[in-house]
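Asker: Just the structure for this:
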Amino acid sequence: MTQRIAILGAGVMGETLLSAILSSGHPLDHVVISERRSERADELRQAYGVEVTGNAEAAAGADVILLVVKPQDVSSLLGEIAESVAPGATVVSLAAGILISTLEAALPDGVAVVRAMPNTPALVGEGMFGISPGSSVRDEQLATVVTLLESGGRVVVVDEARQDAVTAVSGSGPAYVFYLAEAMIAGGVAEGLDPETARALTQQTLVGAAKLLAESPETAEELRRRVTSPNGTTHAAITTFDERGVAVGLVAGVAAAAARSAELSGSQ
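Answerer: Next comes the predicted model:
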């Protein structure tokens with residue numbers, strides 16, 4: 001039986017999931033999204049033909065409820081929908097830092113809760129979702145969540161204790177890549193390239209390298225070694241990176257992001 005999906009939150013990520021789920025072939029009449037602003041609601045109806053309603057109405061009768069709101073809005077949203085959530089429903093929170101225990105405490109007993117950390121490449125169908133199931137999640141419910149989120153990218157299942165690491169690596173990770181791209185473009189411009197050419201070279205190099213890493217059985221370390229000829233141009237660059245502590249800085253940055261994620265989770 002086709003499950004009814006409710007997406008609560010019609011921001012960028014909410015619309016991204018809506019588009020991905022519909023593109024995966026999920027029936028339009030089994031998807032609903034919530035939005036209070038009339039202009040935005042009309043925009044979504046026109047673009048997707050989807051039912052747009054309020055939070056409690058969307059949650060009522062839904063088999064899977066995706067919470068796609070800002071962390072500071074989760075508490076009020078849970079209070080609004082708690083009485084509408086069916087006992088056998090699965091609630092998936094994509095709000096950073098909100099603990100499973102917080103979600104379970106605000107919902108009826110037995111409601112399955114899954115915590116998920118997305119990232120922005122989901123906007124182009126290449127997202128990475130790290131998900132953690134709560135105590136009431138059955139295998140088939142977890143499989144349903146995985147299938148839904150895979151419409152927007154890849155999914156890994158981790159213990160909730162590892163969610164801070166997921167946040168640090170993939171949640172914040174796109175910004176690290178953009179940071180690297182900024183530096184590569186600046187370096188190219190400094191060496192005489194015009195900004196447009198430097199950007200084009202950097203973009204395609206990153207896209208190609210990411211595709212090679214994703215499709216090759218080799219590790220990132222081995223792929224790097226294959227490009228790095230002894231005493232060649234790449235060797236000169238990598239040696240400079242090592243001398244300047246680039247790798248050490250990146251590892252430290254991931255650790256700092258994980259620590260901040262833990263702080264934010266503890267403040268909820």
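
Asker: which residues of this protein score low on pLDDT?
Answerer: Residues of the chain that meet the criterion pLDDT under 70 lie in 267-268.

Asker: mind listing what Ala116 touches?
Answerer: Going by CB atoms under 8 Å, 6 or more residues apart in numbering, Ala116 touches Val92, Ser93, Leu94, Phe129, Gly130, Ile131, Ser132, Val145, Leu149. In short, each C-beta sits where N, CA and C put it, glycine included.

Asker: Please state the backbone phi and psi of the fifth one?
Answerer: What that stands for is Gly130. phi -100, psi 120 (degrees, to the nearest 10).

Asker: And for Leu206, the neighbour number?
Answerer: Applying other CB atoms under 10 Å, we find 15 residues neighbouring Leu206.

Asker: which SSE is Phe129 in?
Answerer: If you go by DSSP states H and E, Phe129 is part of strand 127-133.

Asker: The helix or strand following that strand: which residues count as buried?
Answerer: Later in the chain than strand 127-133, the nearest helix or strand by DSSP H and E is helix 139-150. For helix 139-150, burial by neighbour count (16 or more other CB atoms under 10 Å) applies to Gln141, Leu142, Thr144, Val145, Val146, Leu148, Leu149.

Asker: Nearest the middle, which residue of this protein would you pick?
Answerer: The centre of the chain sits closest to Pro118, judged by CA atoms, centre = their mean, with a distance of 1.3 Å.

Asker: any chance you could map the helices in the stretch 51-200 of the chain?
Answerer: With DSSP state H, counting those that start in this stretch as the criterion, the stretch 51-200 of the chain has helices at 55-59, 71-81, 100-106, 139-150, 163-166, 173-190, 195-215.

Asker: tell me what the last one is packed against?
Answerer: With contacts defined as 3 or more CB pairs under 8 Å, 6 or more residues apart in numbering; DSSP states H and E, the packing partners of helix 195-215 are helix 173-190, helix 220-227.

Asker: ok so, going back, tell me the most packed of the contacts of Ala116, by neighbour count.
Answerer: Ser93 (29 neighbours).

Asker: which ones are touching that residue?
Answerer: Applying CB under 8 Å, 6+ apart, the residues contacting Ser93 are Leu67, Val74, Leu103, Val113, Val114, Arg115, Ala116.

Asker: Can you give me the domain assignment for this protein?
Answerer: Listed by automatic domain parsing, the domain ranges of the chain are 5-160, 171-266.

Asker: Between the two ends of the shortest one, how far is it?
Answerer: In domain 171-266, first residue to last residue: 18 Å (CA to CA, to the nearest Å).

Asker: how distant is it from the center of its chain?
Answerer: Averaging C-alpha positions (CA atoms, centre = their mean, to the nearest Å) puts domain 171-266 20 Å from its chain's average.

Asker: Alright, that wraps it up for me.
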